[in-house]
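Student: Sequence and predicted structure, then a few things I'm wondering about:
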Amino acid sequence: MLTVAALAGVMSLVSEPFASADNIFNVSRNFAFIGLIALGQTAVIATGGIDLSVGSVMGLAGIVTGLVLGSGQPLVLAAAAGLGCALLCGLVNGALVGYLRLSPFVVTLGMLSIARSLALVVSNNRMIHDFGPDEELVLALGGGRFLGLANPVWLLLVAALAAAAWFRYSRLARYVLAVGGNEVSTRLAGIPVARVKLTVYVLSSLLAGASAILMIGWLGAVTNALGQGYELRVIASAVIGGANLMGGEGGAFGAVAGAALIELIRNSLLLLGVDPYWQGAFVGGSIIVAMLVERARRGRRTAG
Amino acid sequence: MLELRSVGMHFGAVEALVDVDLRLGAGEVVGLMGDNGAGKSTLLKIVAGNFSPTSGRVLWDGADVELSPLSARELGIEAVYQDLALCDNLSAAANVFLGRELSRRMFGVLPVLDHAAMRRKSAELFAELGSDTRADDLVRQMSGGQRQAVAIARARLSSPRLVLLDEPTAAISVRQIAEVLELIRSLREQGVGILLISHRMSDVFAVADRILVLRRGRKVADKLTADSSPEEVTALITGAIEAA
């Protein structure tokens, strides 16, 4: 969080356009989509798992929503269909990881492939840009603004506050952290570990679906490539935000800050005129630096 | 209170327990001794409901019971495991209340965790145990004795009738051992039955009313502590004396 503020502070001094309303609007909107999914990913990672399928689930949910809209149905129905697909993906992930105790990495890697392929199948590899009678509404939802901020940003804010309260006050979130800390003792304490895991994978998929629906409104069209490669940005956001891949740690604001930081780095490099080919190196480097900082912090805590 | 009748347990071809009888009453401390692999932990896990025996009967207050971790707990059986089964990443209070969190209603409707009440109650339990454990500390920052206090406070929370202790004095300092033995005595005074697994002969002789010795899955002795001696028990464990 401090890092985000520091980088933003430096950039606003160095670069005139950085602090402009337009740039802030764009940057915040760009990371809102990722941040939303990173909230769910953080919960998954806190159980000691990982969800590699979020990008593909986005693609599938986006395509299905687009198709249903294009067939003349209202947004409510289309969104329900898209979220329903996401829900199914999450249920399959969660059931396999939770009840059959398969490796989260392998299960969600499989779902990454399956969901992307299904998106291709149902769309027949077409781009969908006719959103039917509710087109205006869809475009306004994902692409519109309210009080100077993009709608997805408002949604992210609400979701992050809700997630923060959830992490602090809910029994389920306590169990999520407990499972990540010591799965055996959590089971011995009589907590339904499999159900806890199922829930986080479902949450993660649903957030990916919601983000997809917002995103097609912003883009005004949807292809089956929607969300391709996003899983890595989402996981990077969660990890930069303090989620521990070994499980047992993670918070809502961290995930949002992580997403913001990645987008800020990309934006800063652009404004400073750095060759965009360098973006990957800087973003990747920042992930590793974040881990090193975390390690140093933990080292001090254990020593003291 | 608890009675096992000719309980047997095998894992494939391995006979972990053969024909073991055990009776344990309220306010009684039974020390369970034996070499590594003698079947002590298997017996404890049967009573805790983690394993169901392959033969024999388990009775609670005279009635046959089918134990699961949950049903054992509902009957008032609480286990404290050797590896302590704590979540390192959570606070002492969170561990004490794991699976039994206290909640309150925010704005009269929304159920939320009641951190303050859990912290207060854990602090009370630690004070009762004479432990310096702080409710807000993370378990990963704690000493072996403090972890033991968390595990025992956790068992104590539900006012159990039978507490199963698996090597409670294995990983802690001499001063803390005295504290744990004192705690066992105070549980007994409150009428709690205790099944104590320990390698430390002196601890068992200090607190146990009866001693039960297992050797290769069979019960080779079950006698009052007063009628036995550390020498005899050592001989029973190693097999120098066949049975007593």
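Tutor: Thanks, I have the structure now. Residues are numbered from 1 along each chain as shown, chains lettered A, B, ... in the order given.
Student: Next one: A:L264 from A:N23, what distance?
Tutor: 11 Å (Cβ to Cβ, to the nearest Å). Quick note: C-beta positions are derived from backbone N, CA and C, even for glycine.
Student: and these two? which has more neighbours close in?
Tutor: More crowded of A:L264 and A:N23, by other Cβ atoms under 10 Å in any protein chain shown: A:L264, with 22 against 18.
Student: what about the more buried one, which helix or strand?
Tutor: If you go by DSSP states H and E, A:L264 is part of helix A:252-271.
Student: helices and strands around that helix, which ones?
Tutor: The elements that helix A:252-271 packs onto, with contact taken as 3 or more Cβ pairs under 8 Å, 6 or more residues apart in numbering or on different chains; DSSP states H and E, are helix A:2-14, helix A:21-46, helix A:151-169, helix A:230-240, helix A:279-303.
Student: Any idea how far it is from the middle of the chain?
Tutor: From the chain centre to the centre of helix A:252-271 is a distance of 13 Å (Cα atoms, centre = their mean, to the nearest Å).
Student: What mean pLDDT does the helix ranked longest in chain B get?
Tutor: Criterion DSSP state H: the longest helix present in chain B is helix B:174-189. Mean per-residue pLDDT for helix B:174-189: 82.
Student: Enumerate the positions of it that are buried.
Tutor: B:Q176, B:I177, B:E179, B:V180, B:L181, B:L183, B:I184, B:L187, B:R188 (16 or more other Cβ atoms under 10 Å in any protein chain shown).
Student: As JSON lines, these with distance to B:L22 would be great.
Tutor: What follows is those, written out as JSON lines (distance: Cβ to Cβ, whole Å):
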{"residue": "B:Q176", "distance to B:L22": "29"}
{"residue": "B:I177", "distance to B:L22": "25"}
{"residue": "B:E179", "distance to B:L22": "28"}
{"residue": "B:V180", "distance to B:L22": "23"}
{"residue": "B:L181", "distance to B:L22": "22"}
{"residue": "B:L183", "distance to B:L22": "23"}
{"residue": "B:I184", "distance to B:L22": "18"}
{"residue": "B:L187", "distance to B:L22": "19"}
{"residue": "B:R188", "distance to B:L22": "17"}
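Student: Which strands or helices does the helix or strand that contains A:L198 pack on?
Tutor: Using DSSP H and E, A:L198 maps to helix A:193-219. Judged by 3+ Cβ pairs under 8 Å, 6+ apart, helix A:193-219 is in contact with helix A:21-46, helix A:54-70, helix A:75-98, helix A:135-143, helix A:151-169, helix A:171-181, helix A:183-188.
Student: pLDDT weak spots in the chain?
Tutor: The chain I'm using is chain A. Within chain A, the stretches with pLDDT under 70 are A:1-2, A:298-304.
Student: You answered for a different chain; I wanted chain B.
Tutor: For chain B, the ranges with pLDDT under 70 are B:82-84, B:171.
Student: Would you map the strands across it?
Tutor: B:2-11, B:14-24, B:29-34, B:55-60, B:63-64, B:77-80, B:103-106, B:110-113, B:162-166, B:193-197, B:210-215, B:218-224 (DSSP state E).
Student: So for chain A, which of those sits nearest?
Tutor: Chain A lies closest to strand B:110-113 among those, at 3.8 Å (Cβ to the nearest Cβ).
Student: List the contacts of A:M11.
Tutor: A:F18, A:A19, A:L264, A:N267, A:S268, A:L271 (Cβ atoms under 8 Å, 6 or more residues apart in numbering or on different chains).
Student: Check A:F105 too.
Tutor: A:I50, A:L52.
Student: by how many degrees do the helix holding A:L198 and helix A:21-46 diverge?
Tutor: 160 degrees (axes from the mean of the first three to the mean of the last three Cα atoms, to 10 degrees).
Student: So which bits of helix A:193-219 are buried?
Tutor: Going by 16+ other Cβ under 10 Å, helix A:193-219 has these buried residues: A:193-194, A:196-218.
Student: Next up, the contacts around residue 160.
Tutor: With no chain named, the answer covers chain A. Contacts of A:A160 by Cβ under 8 Å, 6+ apart are A:G35, A:L39, A:A252, A:F253, A:A255, A:V256.
Student: actually chain B
Tutor: B:G76, B:I77, B:E78, B:V192.
Student: could you redo the last one with a cut-off of 6 Å?
Tutor: B:G76, B:E78 (Cβ atoms under 6 Å, 6 or more residues apart in numbering or on different chains).
Student: cool, the one 4 residues further on as well?
Tutor: Residues in contact with B:L164, defined by Cβ under 6 Å, 6+ apart, are B:L44, B:V47, B:A48, B:A79, B:L195.
Student: Now it: closest residue in space, sequence neighbours ignored.
Tutor: In space, and not counting its chain neighbours, B:L164 is closest to B:A79: 4.2 Å by Cβ to Cβ, 6 or more residues apart in numbering or on different chains.
Student: how much space between the one you found and B:L44?
Tutor: In terms of Cβ to Cβ, B:A79 sits 7 Å off from B:L44.
Student: likewise B:D61?
Tutor: 20 Å.
Student: For the nearest residue to B:G145 once chain neighbours are set aside, give its distance to A:G72.
Tutor: In space, and not counting its chain neighbours, B:G145 is closest to B:Q176: 3.4 Å by Cβ to Cβ, 6+ apart. Distance of B:Q176 to A:G72, given as Cβ to Cβ: 73 Å.
Student: Of all the residues in stretch A:254-274, which ones are buried?
Tutor: For stretch A:254-274, by 16+ other Cβ under 10 Å, it's A:254-269.
Student: Which of those residues sits closest to chain B?
Tutor: Among the buried residues of stretch A:254-274, and counting by Cβ to the nearest Cβ, the member closest to chain B is A:G254, at 14.8 Å.
Student: Identify the residue nearest the closest one in space, chain neighbours excluded?
Tutor: Nearest non-adjacent residue to A:G254 (Cβ to Cβ, 6+ apart): A:G241, at 3.0 Å.
Student: same question, B:I194
Tutor: Nearest to B:I194 is B:V29, by Cβ to Cβ, 6+ apart, at 4.5 Å.
Student: Same question for A:P104.
Tutor: A:G49 (3.7 Å).
Student: who touches A:F282 in this structure?
Tutor: A:I265.
Student: mind running it again at 7 Å?
Tutor: Listed by Cβ atoms under 7 Å, 6 or more residues apart in numbering or on different chains, the contact set of A:F282 reads A:I265, A:L269.
Student: Might you enumerate the residues of chain B proximal to chain A?
Tutor: Residues of chain B found near chain A (Cβ under 7 Å from any Cβ of the partner chain) are B:69-70, B:73, B:85-90, B:94, B:98-99, B:101, B:103, B:112-113.
Student: For stretch A:226-237, list every residue counted as buried.
Tutor: Neighbour counts over stretch A:226-237 (16+ other Cβ under 10 Å) mark A:L226, A:G227, A:Y230, A:E231, A:R233, A:V234, A:I235, A:A236, A:S237 as buried.
Student: Switch those over to CSV; also include distance to A:L77.
Tutor: Converted to CSV, these look like this (distance: Cβ to Cβ, whole Å):
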residue, distance to A:L77
A:L226, 20
A:G227, 22
A:Y230, 25
A:E231, 28
A:R233, 30
A:V234, 27
A:I235, 32
A:A236, 34
A:S237, 31
